[in-house]
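S.K.: Sharing a sequence plus its predicted fold:
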There are 2 protein chains.
Amino acid sequence: MATLYGLGVGPGDPDLITLKALKILQAAPVIAYPATTSGESMARNIAAAHIPEGRTELPFAIDIRTAHDANEERYDIAARDIAKHLTAGRDVAVLCEGDPFLYGSFMYLFARLAEDWPVVIVPGISSLNAAAAALARPLVAGNETLTLIPATLPEDQLAARLQSCEAAAILKVGRHLPKLKRALAAAGLLERADYIERIGFPEQRRFKVTDLAEDAAPYFSIVLVRRADEAIR
Amino acid sequence: MATLYGLGVGPGDPDLITLKALKILQAAPVIAYPATTSGESMARNIAAAHIPEGRTELPFAIDIRTAHDANEERYDIAARDIAKHLTAGRDVAVLCEGDPFLYGSFMYLFARLAEDWPVVIVPGISSLNAAAAALARPLVAGNETLTLIPATLPEDQLAARLQSCEAAAILKVGRHLPKLKRALAAAGLLERADYIERIGFPEQRRFKVTDLAEDAAPYFSIVLVRRADEAIR
């Protein structure tokens, strides 16, 4: 019986793929990945150097900037296309930016296919771990909690979550940056927040959030913040 | 000038190391890692297959079960030993279980050495990402927040954090399991909680927390929970 693989390919640097994902990727006859409606695929770009020639490729169009409801039919179609290959006995490896089960689109394919097919998930480096490494800034230590917060939340919820956090990684910043700045200020955390975009790509840039003039950021940018006064020592 | 590397080696499976960490590990003349006071090193065990023969190895004793204060002098000594190699022009690679900057002991070496030496941090697969993959259970989706909670917290704080979370990964479960069970019950989440231990090792085991009779678990065990009634689809 053919197997469906969900492969984390990491956040950007092609060398941040795991050996396990690499071995599966190089053996899989069919390689699927999410793409924008215009055909760009960040997951494929990250893994490009590792994809052998002559493999069947199966991009599936998803619009990550719209609500999930608007993509449900797209996932149905992608799952159907993947199932055709599985039925024909061909393993399918789905490339996933970052980690497949941390805000990843793979979980929606998993929900549609896991009842009928064996599924193996290979975890990947999440953008927040890569952000901490690139910023040389520990995420969380000792007895502290860390909250992962999508910047897509309404402003009052964003502020409430920041208010009650000890340390936070704010994901999917993008066009939500002005709202996020206000919420950070309301939570008394604006001065402590670091921003990074295009982690692991040649265009990587970092700023203190207070020094960040632009009102728009790439979708996959991240802000890290920690409330404690004492440095980690 | 010699460089200090903090290398995430992942949570257990030797194949969950990244290509980037592997390349640096295989080139580094000195390999350091945390060990228990009796000399066992989980980080070295994970990376063992990748360590070339004839490298200088530098274990440093840390007691992860005691408060950080009790280890400060141990970190001072480890940092001094590492600095001797750096001063002699030898790069030092520190092996880190999981990710170096997510509750990792590397951050305490970083705090002691980063002012004087160039430091490169390579992120690693965190145990929570590996737990989600092994349990075939997404961590968090869409607009939800995910809170990372150390089970070492006092019971009232544990219960309060669980009460206000949407999804949580509870780390460092170990001997805190009975307290954690009570806190999960108080937060109305006991029935939804999955437990996994020794992720990626041959001895890996998983349970619903309600089916978990034992009152002791290994230190590096994890509980995942999500509050929402709707499945991720």
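M.R.: Received it, and whenever you're ready, just let me know what you need.
S.K.: per-residue pLDDT, the residue nearest the centre of chain A?
M.R.: Computing the C-alpha centroid of chain A and ranking residues by CA atoms, centre = their mean puts A:Gly98 first, at 4.5 Å. Here the pLDDT value assigned to A:Gly98 is 97.
S.K.: Surely it and A:Leu7 touch.
M.R.: No: the criterion here is CB atoms under 8 Å, and A:Gly98 misses it with A:Leu7 at 11.2 Å. Every residue, glycine included, has its C-beta placed from N, CA and C.
S.K.: tell me, what's touching these two both at once?
M.R.: When contacts are counted by CB atoms under 8 Å, 6 or more residues apart in numbering or on different chains, A:Gly98 and A:Leu7 are jointly contacted by A:Gly124.
S.K.: how big is the angle separating the helix or strand hosting A:Ala133 from helix B:127-135?
M.R.: If you go by DSSP states H and E, A:Ala133 is part of helix A:127-135. Inter-element angle recorded for helix A:127-135 and helix B:127-135: 150 degrees (by axes from the mean of the first three to the mean of the last three CA atoms, to 10 degrees).
S.K.: Help me see whether helix A:127-135 makes contact with chain B, please.
M.R.: Yes: legend: contact between helix A:127-135 and chain B by CB under 8 Å from any CB of the partner chain is shown at A:Asn129, A:Ala130, A:Ala132, A:Ala133, A:Ala134.
S.K.: residue contacts, the closest residue to the fourth one other than its chain neighbours?
M.R.: Among residues not flanking A:Ala133 along the chain, B:Ile121 sits closest, at 3.9 Å (CB to CB, 6 or more residues apart in numbering or on different chains). For B:Ile121, the residues meeting the contact criterion (CB under 8 Å, 6+ apart) are A:Ala132, A:Ala133, A:Ala134, A:Ala136, B:Tyr5, B:Gly6, B:Pro100, B:Phe101, B:Phe106, B:Phe110.
S.K.: Please give the number of neighbouring residues around A:Thr66.
M.R.: By other CB atoms under 10 Å in any protein chain shown, the residues close to A:Thr66 number 10.
S.K.: meant to ask about A:Glu230, not that
M.R.: A:Glu230: 6 surrounding residues under other CB under 10 Å.
S.K.: same question, A:Arg192
M.R.: A:Arg192, neighbours per other CB under 10 Å, totals 18.
S.K.: go on, A:Asp211?
M.R.: 8.
S.K.: quick one, what contacts the residue lying closest to A:Phe201 once chain neighbours are set aside?
M.R.: Spatial nearest neighbour of A:Phe201, excluding adjacent residues (CB to CB, 6+ apart): A:Gly12 at 4.8 Å. By CB under 8 Å, 6+ apart, A:Gly12 lies in contact with A:Ile46, A:Ser127, A:Ala130, A:Arg198, A:Ile199, A:Gly200, A:Phe201, A:Gln204.
S.K.: now do A:Ala216
M.R.: For A:Ala216, the contacting residues are A:Gly174, A:Arg175, A:Leu177, by CB under 8 Å, 6+ apart.
S.K.: any idea which of those residues has the most stuff around it?
M.R.: Result: A:Leu177 is most packed of the contacts of A:Ala216 (other CB under 10 Å), 20 neighbours.
S.K.: Longest helix in chain A, by number of residues?
M.R.: Selection of the longest helix in chain A by residue count, based on DSSP state H, yields helix A:72-87.
S.K.: can you confirm the residue nearest to A:Phe201 is in a strand?
M.R.: No: assignment of A:Gly12 by DSSP: H, G, I helix; E, B strand; the rest coil gives coil, placing it outside any strand.
S.K.: Which parts of chain A are helices?
M.R.: Along chain A, the segments classed as helices by DSSP H run A:19-27, A:42-47, A:72-87, A:106-113, A:127-135, A:155-164, A:177-186.
S.K.: Please identify the deepest-packed of these.
M.R.: The highest average neighbour count among these, using mean count of other CB atoms under 10 Å in any protein chain shown, belongs to helix A:127-135 at a mean of 26.
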